[in-house]
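> take this sequence and fold it.
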Amino acid sequence: MVLRKWTRRNNIVPLRWVMLLPLLGQIFVAVGLTGYLAWRNGSQAVEELAEQLGQETTNQVKQYINNFTEVPVLFLELNESSLEASQFDFTDIARLKSIFWKQLQLSERVTTIEWVGQDGQYLRLERGKNSQMIIRNPATASKAEVYRLDDRGNPGQRLQVKSYDPRTEGWYRAAARSRQFVWSPLYELPNSSAIGMTSAIPIYDAGGQHLGAIAVDLQLDSLSHFLQTLYSHRPSEVAIIERTGKIVASSSSERIYRQTPSGKELLRIAESRDPEWRQVASAIEQRFGSFQKLSGTRWFRPKIEGKRQFVQVTNVAPAIGLDWLLIVVIPESELTEQIRDITNKTIVLCLLLLSAAVTLGVYTSRWLEGSIGRLAQASRAIAKGDLEYSVPGSRIREFRILARSLERTIGNLKRSQVQLADYSRSLETMVEERTAALRRSEAKFEKAFRCSPDPIFIATLEGGRIIEANDSFLVGSGYTLAEVIQHRLHDLNLLGNSEELEIVIEKLLQNCPVRDVEAQSIAKSGERRTVLFSAEILNLEETPCVLYIARDITESKKIETELKQSKQYLRLVLDNIPQQIFWKNRDSVFLGCNKNWAEAACLESAEAVVNLRDEDLLPPEAAAAAEKFREIDRRIMSNNKAEYNTLEVKQRPDSSGNPVWLSVSKIPIHDERGEAIGILGAIEDITERKIADEKRKTAEEALRVEQEKSEQLLLNILPEAIAEQLKQDPSPIAEQFDDVAILFADLVGFTALSASLPARRLVQFLNRIFSEFDRLAKSYGLEKIKTIGDAYMVAGGLPLPKDDCLEAIAEMALEIQKSIVRIAVEWQQPLQIRIGINLGPVVAGVIGETKFIYDLWGDTVNVASRMESLGEPGRIQTTQTVYERLKYFYEFEERGEIEVKGKGKITTYWLLGRKNCMI
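The predicted structure is shown next:
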C-alpha cells in the first residue's frame, strides 16, 4: 500500500524498493506461515493425542465393565438352563443349598446367590468372612431364619429369625413381569455396607409355568478400585454414571453415596463433592441437553475452573438392562507443555532467521542497485547518440552479459549507419520494379476478368453507369458490350428493382460487405434468372466504382424447391404414421421427429426437438434414464444391430397418474459406406394392450388360487397320493397293505361332559383336542383316517409304506396322553382317554360316488378298535404283535388274556413308555 501511494505521487519506483519489498514480503509471509503452522500442528497433535488417550481409556474401562457384568449373567444363564433341563424339585431345600454352595465356589466375583419361589420359599447363601444362609419355607412357618455357615457350607448357629417376604423385592417382581434377565437399581446390599445391584432371571418348568427366580448380588467396590488404579497411571479422570446422573463408580477417592437416616443414597454427579466433576456435569447438560439424550461417543472441550479440558462421553451397555455413561476427562495442560515449548522455540528461530534475511536483503539490493545504475547511465548515453561511450564491466555474470550486449549494440548502430545509405539506393530500384509488377498484375486481372465463368461488370458508384463487363455477363444478359456501356443499372433492370440496389449502395458506403445477395435478374429476352451477387468498392483512375460479381443459381433453386417439396411430403407421411418416430445423430442429439412423438413429448412442434438431448426432455430426477437411453443408442450403433419391441415405462404418467407402457424399436441409420451415423426410433403406446394382458394374468392367477383351494380341500379329505389317483381315474380305489399300524383313541366320560357343557363350548373343546391330535399325526408322518363322535382313528404305513410306522404310532400315543393332561388343566375339565394299537394287513380305499372318505377294512382294524374299547382310562393297550415288534425299545406291562369278540381270548400289553437305553 505504501509503495502504491508513493508510485502515484512520483510516477517512478526506485529499483531498491522493487527488489527489497517483494523479498521482504515473501520472507515475512514464510516466517509467519511457519509459526502459524507450528502452532496449529501443535494444537492438532494435542487434540489427536487427547482423543487417542480418551478412546484407549474408554476401551479399557468398557472391557473391564463387560467382564465385570458378564460373569453374573453367564452364571445365572448357566444355572437357569441346568435347573430347567433337570426339572429340579425346588422344594428340596437341602439339595438346592448344596448346588448353590458348589456354584459359589466357581467364581470369586459371585459371593451371593438366592432363590425365591413363587410360593414364597426362599434360600440365600452368602460366601465370605461371615458366610450366612437365609431360609424361608413352610418348615420355618414363613419366617426367614438366618444361619451361619462353615467353610463347607454346612449350617451352624441360627443367628436371627425375622419376618420377610422376598417376593416383595423389586428385582423379583421385575423378573417375573419381564420373563427375562433383569438388573435391579443400585442400592445398599443387605448384610453389607457396600453399594451394588442384583441380577435376576426367572425360572419356568417344561410347561411354561413360572416357578420363581434365581438372583446374585454384584458389589461395585472393585469397579471404583479399577478406575482409581487406572487414574494413577494416566493423566485422566474417569466416572461411570447412570442415565439419571447417579454415580456408579469414579476414579476419585470420594464416596459415591451419602448417609441418610433411611440408609445410603447414591450421589448425582452434579452433587459431587469434587467441584471439577460438578462443572463437568454442568458442561455436559449445557452442551447436550441432558444425560438421557446422549448416545454413541461425544467429544468436546469445555473450560473447567478456567482451564481447558478434553471431555469424552460414551454410552456403555455392558449387559441386558444396563445403560450407563462413561465420562473421561483429560486436562489439556497435561498434554500441551512439551508441545508449547517446541512451538515457542520454533517461533524464536523464525524471528532470528527473519532478521538475518532482512539484513542480507538490504545489503544485496544496494549492491545490485549500484551495478544496474551504471548500466542505465551507459544506456542513456547510447540513446543520445554517444556511440563512443565506454560501457562499465561487472563481476555479476548477468550484468557482464548485459554490458557486452550494449557494446555489441554500439557496434551494430555504427554498421547500421552505413547500411542505411545503401538501403536508400536500393529502395529506389525496388519502386521501379514494383511499378512494372503492377502493370503485369493489371494484365493478369484483365485476363481473369474476361475469362471468369461468372458474370462480372463494373459500374460507377455515383450514377451506376456500367463502364466494363466480361463475356459471361454479356452472354447471360443477352446484351452486347455497346448496349450496356455507359447505361445505368436501373435502365437495364439487371439486378432487381431500384430500391434493392440503393440498399446495396448504402451498405457499401458504410463499409459493410455485400456477399451472396439473392436477386432476380431479367435478361434482354425477358427471361428471369435467380442470381447471387456480391459487390466491392474499388478506385479506377481516382474514380470510385463498384465491382459486381454474379452467380446464376436458377437450377439450384429449382432443385432446392423440389427438395423442399420432398421434405414436406416426407413430413406428411411421418405425421400420419400412428407410431411415434424420431431420429438422432451419433451423439444422441435429436435431429427430428414426427407430430405424434412431439405431442407425446409435450413439445409445441416437431421442429422444437432439433438439437435437444434426452436430458433436456426429461425431468431432473430422470437423469439416470437419460443416461440409459444414450447407452442403448451407443450399443446399437457400435454393434450395428437393431433392437425391436423393447418394453419401457414412460417417464411421465398419463393425466390420471397411471403409468404409460411403450414398445420401443431402434435401428441404426447408415451412410453410403454402410457406417452407422445415427438412430431411427419408433415408439408405440401399448398401455391398453398391457392393461388387457395384466387383466388376463390376474384372471389366471385367480383361477390358480381357486384351483389350489380345491386341491387343499381335497387333501383335507383324502391322502395326497389317493387324491392324485382320483384326479387321474375317478373309479373306486381299493388297495392291500401288509404292514399297517392302527391307533384308536376314545375320550372317557365325554358323554357326561357333553351334558354339562353348552353345544358351542363342547364343539370348541372337542376341536381343541382333535386339532392337537392332527398336529401330532402330521409331525410323525401318520395318516388321519376319521373321527367318530369322540373317537379318533389314525394309521401309519399307508397310502405310502413307512418302515417305522409302528414306532411313530407308539410315540403319538404317548404324546396324546401328555396332551390330554395339559388340555384338561387348560380347560379345567376332568378328562381321560383310552388308546388301542394293533399292527397287521388291511385293505384301504375310497368307495361310493359322493362324500368321498378314505377308509380301512380288515380284521386288523377290528382288533385295534377292540384294544381301545376293552382298555382302561389313561392307558395304552396293544396286541401281542405290537409287543413283539417294540419290546426292545419300549417299556411294556403284560395285562394277560382278555375276551375279544370274534377272536376269543388273546394276550394284551400295556404300553408304558420308551426305554432310556435302546438295545
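
> give me the residue at the spatial middle of this structure.
By Cα atoms, centre = their mean, the chain has its centre lying nearest to residue 624, at 17.7 Å.

> do you know the pLDDT at that one?
Per-residue pLDDT puts residue 624 at 85.

> and the one helix or strand it maps to, what's buried?
Residue 624 belongs to helix 623-639 when assigned by DSSP states H and E. Buried residues in helix 623-639, defined by neighbour count with 16 or more other Cβ atoms under 10 Å: 625-626, 629-630, 632-633, 636-637. C-beta coordinates here come from the backbone N, C-alpha and C atoms, glycine included.

> kindly report the same for stretch 747-761.
Buried residues in stretch 747-761 (16+ other Cβ under 10 Å): 747-748, 750, 753-754.

> residue 894 contacts residue 887, doesn't it?
No: using Cβ atoms under 8 Å as the test, residue 894 is too far from residue 887 to be in contact (10.5 Å).

> right, and the pair among the buried residues of stretch 747-761 with maximum separation?
Longest distance between any two of these is 12.7 Å, between 748 and 754; criterion Cβ to Cβ.

> what does the domain assignment say about the protein?
The chain breaks down by automatic domain parsing into domains covering 452-552, 559-685, 718-914.

> just give me how far the first one sits from the chain centre.
Spelled out, that is domain 452-552. Distance of domain 452-552 from the chain centroid (Cα atoms, centre = their mean, to the nearest Å) equals 76 Å.

> quick check: residue 353 vs residue 22, distance?
In this view, residue 353 and residue 22 are 18 Å apart by Cβ to Cβ, to the nearest Å.

> now do the SS call for residue 167.
helix (DSSP: H, G, I helix; E, B strand; the rest coil).

> give the contact list for it.
Residue 167 is in contact with 116, 118, 120, 173, counting by Cβ atoms under 8 Å, 6 or more residues apart in numbering.

> which one of the residues you listed is nearest residue 835?
Closest approach to residue 835 among those (Cβ to Cβ): residue 118, at 34.0 Å.

> could you check how far that closest one is from residue 166?
Distance, residue 118 to residue 166, using Cβ to Cβ: 11 Å.

> so between these two, which is more surrounded?
residue 166 (22 against 16; other Cβ atoms under 10 Å).

> I'd assumed residue 115 was in contact with the more buried one.
No: if you go by Cβ under 8 Å, residue 166 and residue 115 don't touch, sitting 9.0 Å apart.

> identify the contacts common to those two.
residue 122.

> quick one: what helix or strand has the residue sitting furthest away from the middle of the chain in it?
The outermost residue of the chain, judged against the average C-alpha position, is residue 482 (91.1 Å), by Cα atoms, centre = their mean. Taking DSSP H and E as the definition, one finds residue 482 inside helix 481-484.

> ditto for residue 658
Using DSSP H and E, no helix or strand contains residue 658.

> can you give me the strands for the stretch 401-550 of the chain?
456-460, 466-469, 514-522, 528-540, 543-552 (DSSP state E, counting those that start in this stretch).

> buried residues, the third one. List them.
What it means is strand 514-522. Buried residues in strand 514-522 (16+ other Cβ under 10 Å): 514, 517, 519, 521-522.

> and what of the first one?
For strand 456-460, burial by neighbour count (16+ other Cβ under 10 Å) applies to 456-460.

> ok, stretch 211-221 next?
211-218, 220.

> pLDDT for the residues you listed - can I get that in JSON lines?
Below are the buried residues of stretch 211-221 laid out as JSON lines (pLDDT from 0 to 100):
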{"residue": "211", "pLDDT": "81"}
{"residue": "212", "pLDDT": "86"}
{"residue": "213", "pLDDT": "87"}
{"residue": "214", "pLDDT": "87"}
{"residue": "215", "pLDDT": "88"}
{"residue": "216", "pLDDT": "86"}
{"residue": "217", "pLDDT": "82"}
{"residue": "218", "pLDDT": "79"}
{"residue": "220", "pLDDT": "76"}
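
> where in the stretch 651-800 of the chain is pLDDT low?
Applying pLDDT under 70 to the stretch 651-800 of the chain flags residues 703, 705-734.

> just the stretch 451-600 of the chain next, same as before
Residue ranges of the stretch 451-600 of the chain with pLDDT under 70: 493-498, 566, 570, 573.

> after the helix or strand harbouring residue 69, next one along is what?
When elements are assigned from DSSP H and E, residue 69 belongs to helix 15-86. Moving toward the C-terminus from helix 15-86, the next helix or strand (DSSP H and E) is helix 93-104.

> contacts for that following helix?
For helix 93-104, the external contacting residues (Cβ under 8 Å, 6+ apart) are 75, 79, 88-90, 110-111, 113, 115, 121, 123, 125, 127, 133, 135, 137, 149, 152-153.
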